[in-house]
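Chemist: Just need the structure, nothing else, for what follows:
(one chain, ligands or ions: 2)
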Amino acid sequence: MQTKIAEIADGIFRLSTFVPDIAPPAGFTFNQFLVLGDEPLLFHTGLRKMFGLTHDAVSRILPPERLRWISFGHFEADECGALNEWLAAAPQAQAAHGQTACLVSLNDFADRPPRQLQNGEIIELGRGKRIRYIDTPHTPHGWDAGILFEESTRTLLCGDLFTHFGDGAALTQSDIVGPAIAAEELFPYSSLNPTMGATIRGLADLSPRTLALMHGQSYAGDGAAALRALADAYDRRRTV
Ligand SMILES: [Fe+2]
Ligand SMILES: [Fe+2]
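Modeler: Ligands and ions are numbered 1, 2, ... in the order given. Take a look at the predicted model:
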């Protein structure tokens, strides 16, 4: 396995590891995102057993010990399994997440105390990069779920939203909603819940230009339209 690197927005790098054995024949990607700044941020640590690959990929962009912030969608192995390996490798690094993730998991699991973020709170990374934390409980899954929005590039770090198969180009302008619903059919991974459509439509109000997906290609284009279409698709599934 190798990890491919692509800059998907100014100063935001996608580190993508393709695993052909998951959902063959298309296969499946695990993507981390590195946001540059005076205080660089890594979104998703990657699996603990892939730490070597992820660490090597980050080191091709900056000295890994310069990482300052580590965040992720929710507490699961692919999102944060290597958190403590990263905290050891980067002495200034700190996990940052919402209240639920901190109280339920990170205050115990993380080897150093996390920064607990309020819904809507900003982390200033410097060099113009501003990261907003947004609670998205149970969407697409996990009580503690939350995502990040980088305001200067209007990049939404979507976590597991829009998960789809395959190993295409890092960035696409093609439809990602159809592939996301196809993946939902195969792995029913979302917690269909009464507020899911409203939560996703709330993200559309941010008018993102780039959607950075944990599993699948990132998307460049009308992010609001894609999010509203995804919300509609989930509302239909929820009422079947
Ligand atoms: Fe997940
Ligand atoms: Fe994931």
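Chemist: Low-confidence stretches in the chain?
Modeler: Flagging of the chain using pLDDT under 70 yields the residue ranges 240.
Chemist: can you rerun that using 80?
Modeler: 239-240 (pLDDT under 80).
Chemist: Pull out the buried residues from the top helix by length along the chain.
Modeler: What stands out as the longest helix in the chain, according to DSSP state H, is helix 223-238. Buried positions in helix 223-238, judged by neighbour count with 16 or more other Cβ atoms under 10 Å: 223-224, 226-231, 233-235. No exception for glycine: its C-beta is placed from N, CA and C like everyone else's.
Chemist: Also stretch 80-89?
Modeler: In stretch 80-89, counting by 16+ other Cβ under 10 Å, buried: 80-87, 89.
Chemist: Tell me the gap between that stretch and the middle of its chain.
Modeler: On the basis of Cα atoms, centre = their mean, to the nearest Å, stretch 80-89 sits 16 Å off its chain's mean C-alpha point.
Chemist: go on, stretch 53-62?
Modeler: Using Cα atoms, centre = their mean, the offset of stretch 53-62 from its chain centre is 17 Å.
Chemist: Dihedrals phi and psi, the residue nearest the centre of the chain?
Modeler: Taking Cα atoms, centre = their mean, the centroid of the chain lies closest to Gly159, which sits 3.0 Å from it. Backbone torsions of Gly159, given as degrees, to the nearest 10, read phi 60, psi -130.
Chemist: which SS state does the nearest residue to it once chain neighbours are set aside fall under?
Modeler: In space, Gly159 comes closest to Gly73 once its chain neighbours are excluded; the distance is 2.8 Å by Cβ to Cβ, 6 or more residues apart in numbering. Classification of Gly73 using DSSP: H, G, I helix; E, B strand; the rest coil returns coil.
Chemist: Cool, thanks, signing off.
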